[in-house]
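K.L.:
Next input, structure requested:
(one chain, ligands or ions: 1)
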Amino acid sequence: MTVDEGNPAAAGWSEPRATAVLVLADGTVLEGFGLGAIGQAPGEVCFNTAMTGYQEILTDPSYAGQIITFTFPHIGNVGVNDDDTETVNAASSSGVRGVVLHAAITEPSNWRAGRHFDAWLKARNIVGICGVDTRALTALIRDKGMPNAIIAHDPNGAFDLDALKREAAALPDMAGLDLVPLVASTQRFDWDETPWQWPRGYGKREAAAHRVVAIDYGVKRNILRLLAKAGCDVQVVPSTATTQQILDLAPDGVFLSNGPGDPAATGEYAVPVIRDLLERKIPTFGICLGHQMLALAIGGQTLKMKQGHHGANHPVQDKTTGKVEIVSMNHGFAVDPASLPQNATETHVSLFDGSNCGIALTDRPAFSVQHHPEASPGPQDSHYLFTRFVEMMAEDKAKNAV
Ligand SMILES: NC(=O)CC[C@H](N)C(=O)O
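P.N.:
Model (predicted):
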């Protein structure tokens, strides 16, 4: 593939020299123009079909170790701001390695814009390329699965393609990688910020009816905000917290967060703690990686998907109500519903491919979903799941009070 003729930088008299390349593990080379950080970075390439919310996507720690190619052609034109960051520590990296765009980045045009997207990518050390035929790249991923790749940006266009091809081919598979330690917080902290609302911005939780311990495997801020909004006093603990450390906080409920990498690779530290907490029948709610780990804790299995689900308009059915919700998705692994034990039911299913999107236990108060009810970006159809969790904690308290 060559430099996209639609790119403004390509409209000169002579063939412009590529200042960035994306080299796939199978040796395919995509040429384009560099943006963001200079240098090279390895990663698994996944496509995201969301039309808005690139800042939230690029700061979502679940994408650690990945290079994101956006199917929407114009990315960066509303700039970036101080508010739409999903990493808990605003300055910390989400672990996203690279970004692949069709069009060059334009000047930011939005009342909330505080910074140019290109400068922001540089500051966050994200290597980028534009001028790529992202439709062809997406079709390739659809047909062959998510490839490993090296993305390289050099303003002088000096690339050793043979070396890059060798490096790309030698990258480890995402399956088997535990990337949680790269992005999850190592300190305990409290959370009381509530979601953004025009014209006020973010708010603060007032009363809290339930104490929730959120285990951070790479949590997104908007999940914590929606827990706070639902009336939870949220204490966030590191992924390595022991069962005893969690019990010492006297939780009414436990939340298992989203996060990067292969859920099965977190089996040594995360899954035994979840199993212990389930034994004690503490109400539990998991999202995405947390969903996959809940399934592993009850003896289920997870699978690597071919192309994964990454977008903001996926239809999912809640089998308990029959309702269809349009959801935000970001996962490359999935729970194998056939592996679930008898005390688990499948509650949600993807209407794109029938893959599992939710489970609930029948003998204890615990449920989880594969999709992202906090959205950010995406539609808010699944916000009801936070209410479902709060109701579960209230019922549990009422039962234990009898
Ligand atoms: N968003 C997430 O939590 C992603 C979970 C897991 N890393 C996956 O890709 O399936």
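K.L.:
residues contacting the residue nearest the centre of the chain?
P.N.:
Nearest residue to the geometric centre of the chain (C-alpha atoms, centre = their mean): Ser62, 3.5 Å. Contact partners of Ser62, counting by C-beta atoms under 8 Å, 6 or more residues apart in numbering, are 218, 220, 258-260, 288-289, 330-331. Every residue, glycine included, has its C-beta placed from N, CA and C.
K.L.:
Neighbouring strands - and their directions - for the lengthiest strand in the chain?
P.N.:
In the chain, with assignment by DSSP state E, the single longest strand is strand 301-318. Taking DSSP bridges as the criterion, strand 301-318 forms sheet pairs with strand 324-336 (antiparallel), strand 344-350 (antiparallel).
K.L.:
hey, what's Ile326 bridged with?
P.N.:
Pro315.
K.L.:
Surely it and Asp381 touch.
P.N.:
Yes - with contact defined as C-beta atoms under 8 Å, Ile326 reaches Asp381; the gap is 5.4 Å.
K.L.:
and the stretch of helix or strand Lys122 belongs to, what other elements does it pack with?
P.N.:
Assigned by DSSP states H and E, Lys122 belongs to helix 117-123. Contact here means 3 or more C-beta pairs under 8 Å, 6 or more residues apart in numbering; DSSP states H and E; on that basis helix 117-123 packs against strand 29-36, helix 54-58, strand 127-130.
K.L.:
Now do the buried residues in it.
P.N.:
Residues 117-118, 120-122 are the ones in helix 117-123 that count as buried (16 or more other C-beta atoms under 10 Å).
K.L.:
Name the nearest residue to Ala375, ignoring sequence neighbours.
P.N.:
Counting by C-beta to C-beta, 6 or more residues apart in numbering, Ala375 lies nearest to Ser328, which is 4.4 Å off, once chain neighbours are set aside.
K.L.:
Sorry, wrong one. I was asking about Gly65.
P.N.:
Distances taken as C-beta to C-beta, 6+ apart place Leu179 nearest to Gly65, at 5.1 Å, with adjacent residues excluded.
K.L.:
can you tell me the average pLDDT over whichever helix in the chain runs longest?
P.N.:
Criterion DSSP state H: the longest helix present in the chain is helix 384-401. Helix 384-401 carries an average pLDDT of 96.
K.L.:
please begin residue numbering at 9 from this point
P.N.:
That works, and once the first residue is 9, the last one we named lands at helix 392-409.
K.L.:
Quick one: neighbours of Asp170, just the number.
P.N.:
Look at Asp170: counted by other C-beta atoms under 10 Å, it has 10 neighbours.
K.L.:
Okay, helices next: where are they in the stretch 159-308 of the chain?
P.N.:
Assigned by DSSP state H, counting those that start in this stretch, the stretch 159-308 of the chain shows helices spanning 169-177, 188-191, 229-237, 251-255, 278-287, 297-305.
K.L.:
Okay then, goodbye and thanks.
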